[in-house]
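Visitor: just to be clear, the model below is a prediction. Sequence and coordinates:
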Protein chains: 2
Amino acid sequence: MRISATVEKKINQLATKHRYHPNQIAVSLRTGKSNLIGLVVETISGNFLGSLARNIEEEAELSGYKVVYCSTENQLTKGRELIRMLAQRQVDGYIITPTPGMEKDIEALQEQKRPIVLMDSFYQKTKVPFVLVDNYKAIADGMQHLFLKGLTRILFVTVDLDLTQVKEREDAFLSIMKEKKLPGKKWVTRMPYDIQRQDAINALRKTILEKKEVEALFFATNYLGLIGLETLQSMKRKIPGDVAVICFDDHDLFRLYPPGITVVAQPVEAIAKTAVQLLIAQLSGKQDKNKKKQLRLAAKIVIRGSTMKYKPYLIH
Amino acid sequence: MRISATVEKKINQLATKHRYHPNQIAVSLRTGKSNLIGLVVETISGNFLGSLARNIEEEAELSGYKVVYCSTENQLTKGRELIRMLAQRQVDGYIITPTPGMEKDIEALQEQKRPIVLMDSFYQKTKVPFVLVDNYKAIADGMQHLFLKGLTRILFVTVDLDLTQVKEREDAFLSIMKEKKLPGKKWVTRMPYDIQRQDAINALRKTILEKKEVEALFFATNYLGLIGLETLQSMKRKIPGDVAVICFDDHDLFRLYPPGITVVAQPVEAIAKTAVQLLIAQLSGKQDKNKKKQLRLAAKIVIRGSTMKYKPYLIH
DNA sequence: CTGAAAGCGCTTACAG
DNA sequence: CTGAAAGCGCTTACAG
């Protein structure tokens, strides 16, 4: 209160007149804080990660943090580089979609006590906080949905890929079938990761024809779901109708699906917000000891309605 | 050469051992350069801007620049904030998708001699370097394509939106029709920007039925193209067949189109790379006086083939 | 309470 | 040629 209101006003006027804004670089250097969160994802252009990124930014802003986006573009080496780059730029914390190639680097960050939260996947060995969809519960919920309709001969279509997410989903399917004393293994079919669309359609059609008793299809990923829909279309089988289809997906792809299909959707918004909150808890040192740091969030079951609207695109 | 090779080696070993990396914050503060390019777009999640962003990053990396992504999420005020934020973070240059709300801020940046390149759109009044698709030539090329097939009764479907890009396309259509001594105005139909999908389909169907002589449809944007395809489908009209359809679009949406449709595609890669090159020329002071700073690049005409493959998605 | 000085981690102009 | 000092623009601990 030693500076008079008039002087304060004058200074503020001058500041705005000359467009003064503190140099954040200098502030960062002096304080050691950048108010930046580094976000490393595989690709920003997909709907899932794009949506995650947007929600993360929104949530981070509430606490005064800015987000620096980085995408590895599915290149193994690029993730490591990005982490180093972010460290050089002194980001305060990291939110990372982990890939096998980055495990060592993430461990190194942890040793340096840098705040990290993983998203979408995690490492079995390394104990790093993470937030992801509860794959087991998601599959269980989806299957419950089919069981309630009296459908038990469910073809589980998954992909031949060594990813935790994918394996968890198949394991869930098998263990739930076992619980119900139903045969499991014979109802699992795996597509090669790099299979071409048409080949996948042919393969799936063959499998469906072989297993004539099939009552429902459960697709473990969104890509498989699209393949599956094309397959059924080519076989003139109807959804909803003689086939129940359920698909694990993120909700932004809904509009590609026909009405009637059931979707087990990633809780994108919740994953994003929770990840930020976990990170900010670390940043502010307010580590709530009672709070779990490895979270699996429930998926949402959504039935694709016929009234869904297209989102208006931007014009280009 | 005063430092012996052994010492140099030892130092490097120590540096890698201790994971030393220069603090970029300090470097930036001292040198006044951040090696950062600020990229401001409307939204990162669309295919067009996502693809642009990726290409920009790639090209920028060649010159040792990193890209900081910012998206305004179509909020008028956010663009201004972002520009200020980037200035505070001392980015070396800006690549911006301009919106009407940011004109003043961009002028201010120019006054401060900050390197800027606009993308995708531009300001009529303010003389800022830009790179965008040559809308006139794109429409001309597309129409030429139809004229060669003997089609002249072309319904030009556009949107009621006050954007330079959109207006340029309509003007192009009209002036080319005039050149050919064909009626123009009666073949232009404008959809309200915020029209719902089903209403748009109904409106378009009505227009097509009214103008029975229509031989071809030219959609001014990708969104309209999708609406148009649904309309034709609902009318049981075939592409290719009794209707020629041409659509102004960015190529990443191709896979949503049926075979046979002709697309006037944005040269995404070229726009991105050229924008970076223009910016880096400014940054390095190597301003080639002979080089134009306002560029309109030619679109590509692509006929959607039946053999196109789905891109394998990432798994989630 | 207040104003001047130290220092964040670098680079570079400068004195020796 | 080389090593020590100044300084980028801030914040904060400290002396007065």
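Guide: Yes, it's here. Numbers count the residues shown, from 1 in each chain, chains lettered A, B, ... in the order given.
Visitor: every contact and neighbour count from this point should use C-alpha atoms.
Guide: OK.
Visitor: which residues of chain A fall in helices?
Guide: For chain A, the helices defined by DSSP state H occupy A:5-17, A:24-31, A:47-62, A:76-88, A:103-111, A:135-148, A:164-179, A:197-210, A:222-234, A:268-283.
Visitor: and among these, the most buried is which?
Guide: Comparing the helices of chain A by mean neighbour count (mean count of other C-alpha atoms under 10 Å in any protein chain shown), helix A:268-283 comes out on top with a mean of 22.
Visitor: can you tell which of the helices of chain A is closest to residue B:133?
Guide: Closest to residue B:133 of the helices of chain A, according to C-alpha to C-alpha: helix A:47-62, at 25.0 Å.
Visitor: nearest spatial neighbour of residue A:35, skipping sequence neighbours?
Guide: residue A:65 (4.9 Å; C-alpha to C-alpha, 6 or more residues apart in numbering or on different chains).
Visitor: ugh, wrong one, I meant residue A:170
Guide: Leaving aside its sequence neighbours, residue A:170 sits nearest to residue A:158 (C-alpha to C-alpha, 6+ apart; 7.4 Å).
Visitor: which single residue of the stretch 201-316 of chain A approaches DNA strand C most closely?
Guide: With C-alpha to the nearest atom of the strand, the shortest gap between the stretch 201-316 of chain A and DNA strand C falls at residue A:283, namely 18.2 Å.
Visitor: quick check: that residue touching residue A:91?
Guide: No: Residue A:283 is beyond contact range of residue A:91, at 11.0 Å (criterion: C-alpha atoms under 8 Å).
Visitor: what about the stretch 201-316 of chain A, any weak spots by pLDDT?
Guide: The stretch 201-316 of chain A contains residues with pLDDT under 70 at A:250-257, A:305-316.
Visitor: if you set the cut-off to 90 instead, what comes out?
Guide: For the stretch 201-316 of chain A, the stretches with pLDDT under 90 are A:212-213, A:221-266, A:284-292, A:300-316.
Visitor: what residues are up against the spatially most central residue of chain A?
Guide: Centroid-nearest residue in chain A, with C-alpha atoms, centre = their mean: residue A:120, separated by 4.5 Å. Contact analysis of residue A:120 by C-alpha atoms under 8 Å, 6 or more residues apart in numbering or on different chains lists A:97-98, A:130-133, A:165, B:316.
Visitor: circling back: the helices of chain A: which one's closest to residue B:114?
Guide: Closest among those, once you apply C-alpha to C-alpha, is helix A:24-31, at 17.3 Å.
Visitor: mean confidence for that closest one?
Guide: On average, the pLDDT along helix A:24-31 is 96.
Visitor: can you pull the contacts of residue A:50?
Guide: Contacts of residue A:50 by C-alpha under 8 Å, 6+ apart are A:44, B:44-45.
Visitor: flag the shaky bits of the stretch 1-150 of chain A, pLDDT-wise.
Guide: Within the stretch 1-150 of chain A, the ranges that satisfy pLDDT under 90 run A:1-19, A:42-51, A:53-54, A:71-78, A:99-101, A:112, A:126, A:145, A:149.
Visitor: ok, the closest residue to DNA strand C within the stretch 51-200 of chain A - contacts?
Guide: For the stretch 51-200 of chain A and DNA strand C, the shortest gap (C-alpha to the nearest atom of the strand) falls at residue A:88, measuring 8.5 Å. Applying C-alpha under 8 Å, 6+ apart, one finds that residue A:88 lies in contact with B:21-25.
Visitor: re the thing from before, quick one: the closest residue to the residue of the stretch 201-316 of chain A closest to DNA strand C other than its chain neighbours from residue A:276, how far?
Guide: The shortest distance from residue A:283 to any non-neighbouring residue, by C-alpha to C-alpha, 6+ apart, is to residue A:115 (6.5 Å). Computed as C-alpha to C-alpha, to the nearest Å, the residue A:115 to residue A:276 distance reads 11 Å.
Visitor: okay, the contacts of residue A:120 in TSV with distance to DNA strand C next?
Guide: Shown next, in TSV, are these (distance: C-alpha to the nearest atom of the strand, whole Å):
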residue	distance to DNA strand C
A:97	28
A:98	27
A:130	29
A:131	32
A:132	35
A:133	38
A:165	39
B:316	39
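Visitor: right, is stretch A:27-43 up against DNA strand C?
Guide: Yes: counting by C-alpha under 7 Å from any atom of the strand, DNA strand C has neighbours in stretch A:27-43: A:29-31.
Visitor: which ones are touching the nearest residue to residue A:76 once chain neighbours are set aside?
Guide: Nearest non-adjacent residue to residue A:76, counting by C-alpha to C-alpha, 6+ apart: residue A:101, 5.7 Å away. Each residue near residue A:101 by C-alpha under 8 Å, 6+ apart is listed here: A:76-77, A:79-80.
Visitor: what is the most widely separated pair among those?
Guide: Across the contacts of residue A:101 (C-alpha to C-alpha), the longest gap, 7.8 Å, separates A:76 and A:80.
Visitor: contacts only, for the spatially closest residue to residue A:231 that is not a sequence neighbour.
Guide: Of all residues not flanking residue A:231 in the chain, residue A:201 sits nearest, at 5.2 Å (C-alpha to C-alpha, 6+ apart). Listed by C-alpha under 8 Å, 6+ apart, the contact set of residue A:201 reads A:227-228, A:230-231.
Visitor: output the set of residues of the stretch 1-150 of chain A in proximity to DNA strand D.
Guide: Residues of the stretch 1-150 of chain A that fall close to DNA strand D, judged by C-alpha under 7 Å from any atom of the strand: A:21-24, A:26-27, A:29-31.
Visitor: among those residues, which one lies nearest to residue B:107?
Guide: Comparing these against residue B:107 with C-alpha to C-alpha places residue A:21 closest, at 17.6 Å.
Visitor: the residue of chain A found nearest DNA strand C and residue B:24: what is the separation?
Guide: Nearest residue of chain A to DNA strand C: residue A:30, at 3.1 Å (C-alpha to the nearest atom of the strand). Distance, residue A:30 to residue B:24, by C-alpha to C-alpha: 13 Å.
Visitor: got it, and residue A:217?
Guide: Residue A:217 sits 52 Å away from residue B:24, going by C-alpha to C-alpha.
Visitor: now do residue A:11
Guide: 32 Å.
Visitor: try residue A:73
Guide: 24 Å.
Visitor: and for residue A:276?
Guide: Distance of residue A:276 to residue B:24, given as C-alpha to C-alpha: 25 Å.
Visitor: returning to what we had before: what is the nearest of the residues of stretch A:27-43 next to DNA strand C to residue B:260?
Guide: residue A:29 (57.8 Å).
Visitor: tell me the contacts of the closest one?
Guide: Residue A:29 neighbours (C-alpha under 8 Å, 6+ apart): B:25-26.
Visitor: and residue A:51, by the same measure?
Guide: Listed by C-alpha under 8 Å, 6+ apart, the contact partners of residue A:51 are A:268-269, B:45.
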